[in-house]
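Asks: Here is a sequence together with a model predicted from it:
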Amino acid sequence: MSAMAAPREHDGADEHLMELPSMRNPDPPPPPLPAAPPRRGLNFHPAVYVGFWITLSSATILFNKWILSTCEFAFPIFLTTWHLVFATAATQLLARTTDLLDGRHRVKMTGRIYLRAIMPIGLFFSLSLICSNKAYIYLSVAFIQMLKATTPVAVLVASWALSLSTPSLRTLGNVALIVVGVIIASWGEIALDATGVIYQVLGICFEATRLVMVQRLLSANEYKMDPLVSLYYFAPVCALINGAFFLVLEAGQISWVNDVMGKVGLPMLTLNACVAFALNVSVVFLIGRTSSLVLTLCGVLKDILLVVLSILIWQTEVTLLQFIGYSIALAGLVWYKLGPEKVLEHLVLLKQAAMEGRALGVVAVGVVTVLLVGVVWYAFSGPEGGGV
């Protein structure tokens, strides 16, 4: 949604050291270096951890959309502030009662570093959360996922702008497919809302800047953190920043009785914060237990699943042009994340597995095929008769 010792082209490997409570990064976090040691008593099959991550990541996004759009609770800054306050309290509790945050003892955090590095990153963290959640008021989950496919492109441009890597035409060519796919998908969007698009684009830009700043911070070994430790340090400052934005922009409009308790309710808000925080915990157990290929493909599967669920839950209309554009963008995302050599290598392995009749290969291809056919069938023959 993971570090380097010298400037290099961004390859997406550092993007998800910090899993945001209310954002849905386009793919799961690649395993950091060094890999987290296995935890005693929790050595399940990697598929279990991947399944939990996909479930919690999708649930967080859909839950936020339901609160902000379906419940008409138009206060995204309040919601993100609540997530961060909850995350602050939860990480402090876990630090004192479990070993999940023992990694913080290896981080040489000082007051100077906190002020000069953590707080600026926290500002972009907060802006990213606010804009991303604002977009859910105006746009469908399906279209937002399509726009988010451009996040690696924004990160690449931000790394060039901040001189973290050297501009390369080859790298630009590798991400061109993502841009082309998203443009096609956007052209086919039926319920296009300019305000929502602006908020989502700003959210992607803020998030890209944050990720590059984190990458720069983590270039030193003493500042490497897993997702939960990073949340331990960033949640308090982000809660304060978001709280300030809330006081200025939403506090005068929100009603505790009519909006907070009437439209959503404290139990539902607490459950929402728990799901968002559980996503961060699931990332800690996921990292280091599977390959970058599996994580990248699971991220793509999660994005497709969200599009399908958006169609099923909110009867979102997905046009044929969007389907084609998003497919192109996802193919470009896999190509960019893994690199041409890795993609071709795994295609050869998949072909060999299919020819040898291996059950796993047949099942994987079958599941993907059924999923894609289901998307097309429902989008074009569902109850709303999604058009082209």
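Replies: Structure's in. What do you need?
Asks: Could you check how many residues crowd around residue 169?
Replies: Other residues lying near residue 169 total 7 when counted by other CB atoms under 10 Å. Bear in mind the C-beta positions are built from the backbone N, C-alpha and C, glycine included.
Asks: which intervals of this structure have sub-threshold pLDDT?
Replies: Where the chain drops to pLDDT under 70, the residues are 1-42, 288, 290-293, 350, 353-388.
Asks: hey, where'd the helices end up in the chain?
Replies: Listed in chain order, the helices of the chain (DSSP state H) span 46-65, 76-97, 111-113, 119-138, 141-148, 151-161, 169-187, 194-217, 227-249, 266-286, 292-314, 320-338, 340-355, 359-381.
Asks: Residues contacting the first one, please?
Replies: The contact list for helix 46-65, computed with CB atoms under 8 Å, 6 or more residues apart in numbering, reads 21-22, 24-25, 28, 79, 133, 136, 141, 272, 275-276, 278-279, 282-283, 285-286, 289-290, 294-295, 298, 301-302, 305-306, 309-310, 313-314.
Asks: Please save the CA atoms from that helix in CSV.
Replies: C-alpha atoms of helix 46-65 as CSV (Å, rounded to 0.1, in the frame of the first residue of the first chain):
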residue,chain,number,x,y,z
PRO,A,46,-0.2,-17.9,3.8
ALA,A,47,-3.6,-18.1,2.1
VAL,A,48,-5.2,-17.5,5.5
TYR,A,49,-3.3,-14.2,6.0
VAL,A,50,-4.0,-13.1,2.4
GLY,A,51,-7.7,-13.9,2.8
PHE,A,52,-7.9,-11.9,6.0
TRP,A,53,-6.1,-9.0,4.3
ILE,A,54,-8.4,-9.0,1.2
THR,A,55,-11.5,-9.3,3.4
LEU,A,56,-10.5,-6.5,5.8
SER,A,57,-9.2,-4.2,3.1
SER,A,58,-12.4,-4.5,1.1
ALA,A,59,-14.6,-4.2,4.2
THR,A,60,-12.9,-1.0,5.3
ILE,A,61,-13.5,0.7,1.9
LEU,A,62,-17.1,-0.5,1.6
PHE,A,63,-17.9,0.3,5.3
ASN,A,64,-16.6,3.9,4.8
LYS,A,65,-18.6,4.3,1.6
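Asks: Run the angle between that helix and helix 76-97 for me.
Replies: 140 degrees (axes from the mean of the first three to the mean of the last three CA atoms, to 10 degrees).
Asks: And the fifth one, by the same measure?
Replies: Taking the same axes, to 10 degrees, one finds that helix 141-148 is oriented at 80 degrees with respect to helix 76-97.
Asks: What helices and strands are in contact with helix 141-148?
Replies: helix 46-65, helix 169-187, helix 194-217, helix 292-314, helix 320-338 (3 or more CB pairs under 8 Å, 6 or more residues apart in numbering; DSSP states H and E).
Asks: Any buried residues in it, and which?
Replies: Within helix 141-148, the residues scored as buried using 16 or more other CB atoms under 10 Å are 141, 142, 143, 144, 145, 146, 147, 148.
Asks: Take these and lay them out in TSV including distance to residue 210.
Replies: Formatted as TSV, those follow (distance: CB to CB, whole Å):
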residue	distance to residue 210
141	22
142	25
143	23
144	18
145	20
146	21
147	17
148	14
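Asks: wait, which of the helices and strands packed on helix 141-148 is closest to residue 124?
Replies: Smallest distance to residue 124 across those (CB to CB): 3.9 Å, for helix 194-217.
Asks: Counting by contacts, list what the closest one packs against.
Replies: Short answer (3+ CB pairs under 8 Å, 6+ apart): helix 194-217 packs on helix 119-138, helix 141-148, helix 151-161.
Asks: Need those in TSV (columns: distance to residue 71).
Replies: Output for those, formatted as TSV (distance: least, CB to CB, whole Å):
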stretch	distance to residue 71
helix 119-138	11
helix 141-148	15
helix 151-161	27
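Asks: contacting residues around residue 127?
Replies: Residues near residue 127 by CB under 8 Å, 6+ apart: 202, 203, 206.
Asks: same thing but 7 Å
Replies: residue 206 (CB atoms under 7 Å, 6 or more residues apart in numbering).
Asks: Does residue 217 touch residue 117 like I think?
Replies: Yes - applying CB atoms under 7 Å, one finds residue 217 in contact with residue 117, separated by 5.1 Å.
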